[in-house]
Each structure stands twice: as structure tokens, then as C-alpha cells.
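Asker: please find the sequence and the predicted model below.
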Amino acid sequence: MSETVLEARGLTKDYAMGPQTLRVLHHVSLSVAGGEFLCILGPSGSGKSTLLHLLGLLDRPTEGSVIFEGQDAFAKPKRWRDRLRNEAIGFVFQFYYLMPDLSVLENTLLPAMIRTPAMAWPLARRKHRQRALQVLGDLGLAERVRHVPQELSGGERQRAALARALVHEPRLLFADEPTGNLDTATGAEIMRVLTRLNKRDGLTVVVVTHDERVAEQADRILRLRDGRLLHGD
Amino acid sequence: MLNEWLAWRWVIPATAAGVLLALALLAALLRTPVYKHIICLKYLFCGWKAVVPMVSALPAALGVFLLILVFAIMDGFVAETREMTRGTLADIIVDAHMEGLPYYDDFVRQIENLEGVQAATPIIQTYAVIRVKPRYAGIRPIVRPCVVLGIRPSEKAEMGRFQEYLQRQRGSGYPAADLLKVPDYLVPPSQAPHPGCIAGVGVIGTPMPRAVAEIGQAGAEWRVLLAFLTALAVVVFLFVWQASRRRPGRRLWRVAMLVWAGTAAALALSATLIPVTPTRVERTQVIDFPLVDYGGDLVVSTIPVRASGALDVEAGGIPRVSSRALTLVDTFKSGYWEADSTNVYVDFAAAQQMAGMDGQPPSDGKPGAAARASQIQVKVKNPAQASAIVKQIDGAWQAFVRDRPEVGLLHLTVNTWETQQRMILTVVEVERNITALMLGMMFLGFGILIALISYVMAYIKSRDVGILKALGARDAGVGSLFLGYGFIIGLIGTAIGLVGALLMLHYLDPIELWVNSTLGIDVFPREMYYFDHIPRHLSVPWCVGVSLAVLVLSTLASMAGGLLAALKQPVEALRYE
């Protein structure tokens, strides 16, 4: 483990429900060290996905702050957070969230497409394509690169989503119930990949799940219930 | 058309602005992240669902097609009507009405001395009844109202396109001064010739159907049809291609793709190779069949109006009718029905007598009266300066009246030919503009359709929006993806409509002949419109304007989807499965 990559300070998230306000997270504070495999474990409705969205800078907290590599992310402009998500963060979701109109290869190339201007693409494409093919090959999808997501199995889709999350060599990977939509064997295979990435490549991984077996793979487990961390960081 | 466009004074700034705009757009497109182009094209052309945006491009295509086609034809009507009315008149008309202008030759000289004036000539205009005895036995004489115009032929020939409209003497090289002269060969030696006259084809003719041969272009209609089919085949091919890409390894799709590509190529090749050959096509045309031969006699009757404004009367107060026999030396056909069906041109002096505008010496203690003219027609060196010269003529008239008080207070109207004929020109122009406006209303429907499609597309694709934003795409970037979507739909519609309209205009005459012969109808009756062909005038600024309007409208309309996508929070889009 090295220095802190990510730190949450007093994260609170409220949702307006008509005239009432629903507090989903209550002053959650935690930190994630570089190269750590952290699991946030909690039952359904405990606020773990909301916490992941805040940590991944997909949503803005009602109170509190997220410190990414020493910088207060929500004090920075939105453009900075967008760029950070594109270059330094990878996401894997329970329902894969692959774009159905794009092939596996194109889905994997998306982060590169988002940061590359059209005029630079003809020159940059080859490099990005090689990198994408390499990652897809590592994940066992070399034969499926031209297929669209609907032609893949659940495990293949999740691996494709993983390839998209890894292709730009992020410093931090967030996985939201990565095995939640998979059978046991496929889920175990995905977790093996995540563990391997963490152990072999030193990738910092944050997984939220309700599954104790998944959590067992992590270096550290934080339990979340009713929007509160049961074991403080 | 191209020359006219090149002569437009704004052509260089407009072209430069267009090129700069296109370059700026291209630069913006090249600077924008590539995912927008790729995903936008996927949304447009990916699989069978791409039928929706393609179909929504059709109203734009139809709108552009109709607006350009109809406007070109109506603009052709306007342009040709203007040309015809101008050709029968002159640049400026100084009108003294039936009161008549005395000392007109003096005033003509003053006008000719004005800066920018090329020539001027007095005209007599009076209303009359013409009696024509047909050359065929058994047909009763025809009697019609007409307008007698007294002209000095050599001067009138300088005014407009008078000489070009003469059926017999056009291009003959006769001296203009002899246009009204009765040639010896037209009149038997035993018969004393009457003064010559030139009558409109409608004055001495009667409508009669006649088979006329025209040169059509056989095969042109098939070429146009095949061009449309090729475009359709290419669009369908894109769908088949995209669908086959979705099913790798399925041979049937590949075969279908190849068959369709072959079909499209064959259609394109056929459209190019089909020979277009000139061919003789017969059509029934209603013409004004002349009831009098050249050299035949006409009798024109007028009621002279004296300088005092009183009618010439006989004993008992009965108006004295002045009848004069004239010999037909030529017929006049400008294409402007108003002139062709009423005008009878005679020598100035003869017309002056017929109208009672000739000079009267003093007699029986009554003062004499100076000879008068109804109009002075003026030809200017630069037609663009006609309005300015109208003011100069007004000023010259004031000075003329001051110098010659005997002229008296006279209401003189000085107008350009456009002002003089504004009623007919305005009617045609208003018709054109109303038609363009009504067709333009189609675009409102198109705009609403694009807005709805774009909104629904952004709603359906909200998951994609969430994914893109999660991966770091900016709000504005994702929103602009849907603007591009609308822009491309507009671009496809504009391209189809523009090409279709240009093809249709290019092959309009052969297509019309083909429709007439195939369906047995006459889509453009010549006798009704009095044009030899369907007039058309393609305005490049109009084409560019319509195309830009569609592109701007489709882009603006797709803001509905763009805003929805831009404002969508990624967590909202990704929250539920």
C-alpha cells in the first residue's frame, strides 16, 4: 500500500422526495490507499451505489468532499472532474452498461474516443486500437471484438465492460456489484480478474457489493447500513 | 442562370462568407471529440431502427424539392412576365392619359437632353373597335375592342423589343422606319393601299387547336426515374449493410448485401447509360389562328376626343365615329396576353387623327388647338437608374410648364414600366411568395417532427448518455451529439430534395411531354399561360437559402433532444435497469 489516492470527508447525500428530504448517506468518511482492494459491503438500499457514484465523481454530495490525489474534486470545475473520470478512473457496473450500437472493440475504445479530437483520430486510432485489442485479448475476448453486446453472454459483457474500464490504464477502478447479474462461476471468474489486476498490476480497486463471498476477496471491507459506515475508516 | 449569379454584386462577399462558414464548421467538427461523429453516425445508420431518422428526412427532402421546383417555375413566370411586359413598353412612360400632351415634340427633346436618357418617342393611345372580315367564306366578320397605338416606327423600335415581337418582319433587316409601310407585293396593283397597321395576334385571330411538333428527349424520363431508384437503392443498401454487419458469419446477409449493391450499381449504370435522344413529339396546341392574311383589310373605329375634353359630335349631339380602313402588314406576339389581344399599332399621324389629337387651326373665331400625344416613352441608358430619371423628368415637366404656360395645368404621370405594370407583376409575385410561404409551412411540421424524434431518441438513449458522461464526456458534448443527429437528417433531406429538384428542372420539358403522352393530359396548357415552355428561373441564392434554412431548422429542432441529453445526470441515467 502507498499513499492515499482517494478520501471522502463527511459525505452526505439527500434526495428530495416531494416535500420531504430523504437522507441516503450520513457523513461518510473513508480513505482508499494506492494499490488497495477495498470492498464496501452492504444490503440493498444501504446507499452503497450512491456512495460509489459520489466517490467516482458521477454525482455531487449534499455535504462533504471527495479528495482525489490531494485535490478537492468538487471544488474544481466540472470539466476537471469529467477529465479525471476519462483518464484516471474506470467504472464497472452491475448491468455492464455497454453501448448497444457499438461493437465490443468500439465500446472499449470509447474513453479514447471521448478525449481524442476528430482530426487526431486517424493517427491515434491505430495506437488505441492496439491497446484495446491487447486488453480484450487479456480478458479472453479476442474473438468477440466485432460483435455487438447483445451477441455476448453475461460474463463476456462484463469482461467487455472491464476492458473498457481498463483500456486507458486508470489509477482507480470502481466496480458496482460487478457479479450481481452473473451466475456464480462467471462471477467468480470476474472477481479473479479483478484480484489479478490488483495484485499483479497494483491497480486500486473499490468494489461495492452485497455479496459476502465477493467481499472476501478484498484487502479491506467497510460495511454500510442505512447510509452509515459501521466500521469507520 | 450562372451568369446572372456571377453578375450578382454580392457574389464575392456571399461566396467568401459561405466558404468561411464551411471552413469554420469543418474546423469545429475536426476539433470536436471523435466519439460524437461515430455515435451520431451509428444512431443514424445502424440497423433497421435507422429507418426512423431516414424517414424523417423525407419531409425535409419533399419540402426542399417542392420549394425549389415551384419557386423556380413561379420565378420563371415572374421573370418572363416582367421581360414580356417590359418588352412591349419602355423603361419610363410619361402618361398624359386621354387629355393628351401638347407640344410633345418640345418636351421629348427636353427629355432626350436629360442625363442618362437614350431616346424618347411620343405615342398616341386611344380606345377603338376593330372589325375584321375573315378571309374564309362563311365566317361572319368579327368585331372586338382594341387599343390603337400610334407610333413612329423607327423611334418605337428603339424603346423595347417591339421589333422582335413582329411575326413577319422579325429578323428581316427591314429599316425600322418602314415597319408600318405596306409592301407592294401584299396589295394587288388594282387596289389602293390603306395605311399599314400591326395587330396583336389575339386581335385578328381566333383560338384554334393545332397539332404541333416538338423535340422531346426520349429516355430522359427513365434516366430521372433510375436516378431516384438508385438513390433509394443506396439508402436501402446502407441498411442491409449495417444489418449484415450485425450478423457476422451469416452468409445470407452477405449475399443480400452483395445482391443489393449490385442492384444499386446496375441502376446507377443504367441511369448513366440510357441514351437520351432527341425525338419528335406531337402535341395539340391552341393557337390564335389569323383570320386575315397580311395585306388584308381591317376597319378601326374611334370616337375622337378634342383638346377641350369634349367628344367630337355630329349634328344632334351624336358622337362622331371616325372609321378608318387599315392594311395588315404584320402581327405582333410578345407573349404578354394583355398586349397581344388588344394592341393595334398604326402610324403616329394617322392615330393622332383617329383620336382627335391632331392640331386644329383657328376657325370661326374659335382658337386653334395644338396637336397632342397620349404618352412619351423613354429609353434610358442604364435601367437601374430609371427611378432617378423619373424624378428628373418630373422636374423637367415643371420647368416645361413654367416656360410654356399655354400647356396649361395638366396631370402628367411619370412612371417606370415596373410601376406602370405593378398590378400584373405584383399579382404574379404575390402568388409566388404565397406559394413559397405555404410550402415553407411544411418545414414547421418537419421541425416539430425532428424535435420529437430527437427528444424521443435522447430519451431512449438516456442509458448511452449516462455511459458517455460516466466515461468523461462533457454535458455540452453529449448534447451536441443530438444536434449533429438533427443536422445530418436535415443534410440528407436537403441533399435528396436539392438533387431531385435540379434533376426535375433539368428534364422538365421531356418529363412534361412524357406525362402528357402517357396520361393523355395537358399539364401545362400553352394557350392558358401563353408561354411556349414551362418557364423556370433557378435562383442560386434561393437554393442556398432554402438549404441553409432546413439545416438550421433541423439543428435547432434537435435541441429538444440535445438539451434533454445535456441536462441528464449520469447517475439518473444509470440508476435503474
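Answerer: Perfect, I can see it now.

Asker: chain A: strands as residue ranges?
Answerer: Taking DSSP state E as the criterion, chain A contains strands spanning A:4-17, A:20-33, A:37-41, A:63-68, A:71-72, A:89-92, A:172-176, A:204-209, A:220-225, A:228-229.

Asker: again, but for the stretch 201-350 of chain B
Answerer: According to DSSP state E, counting those that start in this stretch, the stretch 201-350 of chain B carries its strands in the segments B:205-218, B:277-290, B:297-302, B:322-332, B:343-347.

Asker: residue ranges for the helices of the stretch 151-300 of chain B, please.
Answerer: Assigned by DSSP state H, counting those that start in this stretch, the helices in the stretch 151-300 of chain B fall at B:153-159, B:220-245, B:251-273.

Asker: sorry, back to before: closest one to chain B among the strands of chain A?
Answerer: The closest of the strands of chain A to chain B is strand A:89-92. By CB to the nearest CB, the value is 5.4 Å. Yep, even glycine has a C-beta here, placed from its N, CA and C like the rest.

Asker: check which helices and strands the closest one sits against.
Answerer: Secondary-structure packing of strand A:89-92 (3 or more CB pairs under 8 Å, 6 or more residues apart in numbering or on different chains; DSSP states H and E): helix A:154-166, strand A:172-176.

Asker: reformat the ones you listed as JSON lines; add mean neighbour count.
Answerer: Formatted as JSON lines, the helices and strands packed on strand A:89-92 follow (neighbours: other CB atoms under 10 Å in any protein chain shown):
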{"stretch": "helix A:154-166", "mean neighbour count": "25"}
{"stretch": "strand A:172-176", "mean neighbour count": "24"}
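
Asker: for A:L22, which of these is the nearest?
Answerer: Distance to A:L22, taken as CB to CB, is lowest for strand A:172-176 among the helices and strands packed on strand A:89-92, at 20.1 Å.

Asker: run a quick check on B:L30 versus A:M119, I expect a contact.
Answerer: Yes. Counting by CB atoms under 8 Å, B:L30 touches A:M119, with 3.8 Å between them.

Asker: mind listing what the residue nearest to A:A16 when sequence neighbours are not counted touches?
Answerer: Excluding its sequence neighbours, the residue lying closest to A:A16 (CB to CB, 6 or more residues apart in numbering or on different chains) is A:L22, at 7.7 Å. Residues near A:L22 by CB atoms under 8 Å, 6 or more residues apart in numbering or on different chains: A:D14, A:Y15, A:A16.

Asker: got a list of what the closest residue to chain B within chain A touches?
Answerer: In chain A, the residue that lies nearest chain B is A:N86 (2.5 Å; CB to the nearest CB). A:N86 makes contact with A:P111, A:I114, A:R115, A:H168, B:L471, B:G472, B:A473 under the criterion CB under 8 Å, 6+ apart.

Asker: what number of residues lie near the second one?
Answerer: When you say that, I think you mean A:I114. Neighbour count for A:I114, taken as other CB atoms under 10 Å in any protein chain shown: 25.

Asker: the fifth one too?
Answerer: Close neighbours of B:L471, defined as other CB under 10 Å, add up to 27.

Asker: so where is the chain shaky, pLDDT-wise?
Answerer: In the absence of a named chain, chain A is used. A:1-2, A:231-233 (pLDDT under 70).

Asker: other chain: chain B
Answerer: Applying pLDDT under 70 to chain B picks out residues B:1-9, B:47-50, B:239-253, B:283-286, B:526-532, B:576-577.

Asker: any idea which element the residue nearest the centre of it lies in?
Answerer: By CA atoms, centre = their mean, chain B has its centre lying nearest to B:G76, at 2.1 Å. Secondary-structure assignment from DSSP states H and E places B:G76 in helix B:51-88.

Asker: cool, thanks, signing off.
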